[in-house]
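J.: Give me a model of this one.
(one chain, ligands or ions: 1)
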Amino acid sequence: MIIAMDGPSGAGKSTVAKLLSKKLKFEYIDTGAMYRAFAYKFYKNNIEITEDNINKILLETTIDYNNSNVYLDEENVEGYIRNEHISKLASEISKLQVVREKMVSLQREIASTKNIVIDGRDITTVVFPNAEFKFYITASAQTRAKRRYDELLNKGEKVTLEEIIEDINKRDFNDTTRKNSPLKIADDAIVIDTSELSIDEVINKLVNIIKGEI
Ligand code: C5P
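T.: From the prediction side, this is the model:
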């Protein structure tokens, strides 16, 4: 069974998807981590993001996802990919169709033998349009920025709320207006706005929907 989730940055998607997968004893696949890992390769090796370099590096790179960890060329890179710089690079790099094709085929392959909860931007529309359950998890831009800000402060990053609001707006713009697989609400997705809900309330809502429909 596939439970697919899309939504903008900071809507709580990954937290919710991860907890839901635990509750259902499904595997969790964070597709954003795969784009981040690929972007991290450019950062780590100081490679300029050009189409030629992307084509070349794609051929030389392996990305895998296992037990909630993303692997770049067999190295677990979870610890390096969740910062503002990699967020921006991932958003930039994920616009390109060659990159998307590689990630989508990897995601389908990883999912082929398991029950999964999988989240991203194009999961309900492109990767698994026939998933058993499709959710669009969202929240107001203000709420998303505040959550992201608190998360980064906790990690010790030096950021201002204004910077985060600007970043979120820029990423939303990039993700929703790009030519290839833009973020949008699938016609038959169930929309959940988490602005006024706690994580537990969101999980309960999802579980009730899933149980009611199984
Ligand atoms: O979800 P997360 O914020 O980790 O994703 C990082 C970036 O990767 C997003 O801003 C988006 O540009 C890209 N992405 C994507 N398609 C996905 C998942 C992530 O384009 N399925």
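
J.: residues near Lys179, how many?
T.: 8 (other CB atoms under 10 Å). Where you see a C-beta, it was placed from the backbone N, CA and C, and this is true even at glycine.

J.: Please report the distance of the residue nearest to it when sequence neighbours are not counted from the ligand.
T.: Leaving out its chain neighbours, the residue that sits closest to Lys179 by CB to CB, 6 or more residues apart in numbering is Lys95, at 7.6 Å. Relative to the ligand, Lys95 is positioned 8 Å away (CB to the nearest ligand atom, to the nearest Å).

J.: Lys95 reaches Arg178, doesn't it?
T.: Yes - look at Lys95 against Arg178 with CB atoms under 8 Å: they come within range, at 4.7 Å.

J.: shaky segments in this structure?
T.: Residues of the chain meeting the criterion pLDDT under 70: 213-214.

J.: How about the residues of it by the ligand?
T.: 9, 31-32, 35-36, 87, 90-91, 94, 120-123, 171, 175 (CB under 6 Å from any ligand atom).

J.: Go through those residues and flag which are in helices.
T.: Residues from the residues of the chain next to the ligand lying in helices, with DSSP state H as the criterion: Thr31, Gly32, Tyr35, Arg36, Ser87, Ala90, Ser91, Arg171, Asp175.

J.: What is the most widely separated pair among the residues you listed?
T.: Between any two of these, the greatest separation by CB to CB is 15.1 Å, found for Thr31 and Arg171.

J.: secondary structure element for the closest residue to Val207 other than its chain neighbours?
T.: Closest residue to Val207 apart from its sequence neighbours, by CB to CB, 6+ apart: Lys23 at 6.4 Å. Assigned by DSSP states H and E, Lys23 belongs to helix 13-24.

J.: what are the ranges of the strands in the chain?
T.: Secondary structure of the chain (DSSP state E): strands located at 2-6, 27-30, 63-66, 69-72, 75-76, 116-120, 133-138, 190-193.

J.: Now tabulate the ones you listed in JSON lines and tack on mean neighbour count and distance to Lys102.
T.: JSON lines is the format used below for the strands of the chain (neighbours: other CB atoms under 10 Å; distance: least, CB to CB, whole Å):
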{"stretch": "strand 2-6", "mean neighbour count": "26", "distance to Lys102": "19"}
{"stretch": "strand 27-30", "mean neighbour count": "22", "distance to Lys102": "15"}
{"stretch": "strand 63-66", "mean neighbour count": "18", "distance to Lys102": "8"}
{"stretch": "strand 69-72", "mean neighbour count": "20", "distance to Lys102": "13"}
{"stretch": "strand 75-76", "mean neighbour count": "12", "distance to Lys102": "18"}
{"stretch": "strand 116-120", "mean neighbour count": "27", "distance to Lys102": "14"}
{"stretch": "strand 133-138", "mean neighbour count": "23", "distance to Lys102": "23"}
{"stretch": "strand 190-193", "mean neighbour count": "16", "distance to Lys102": "29"}
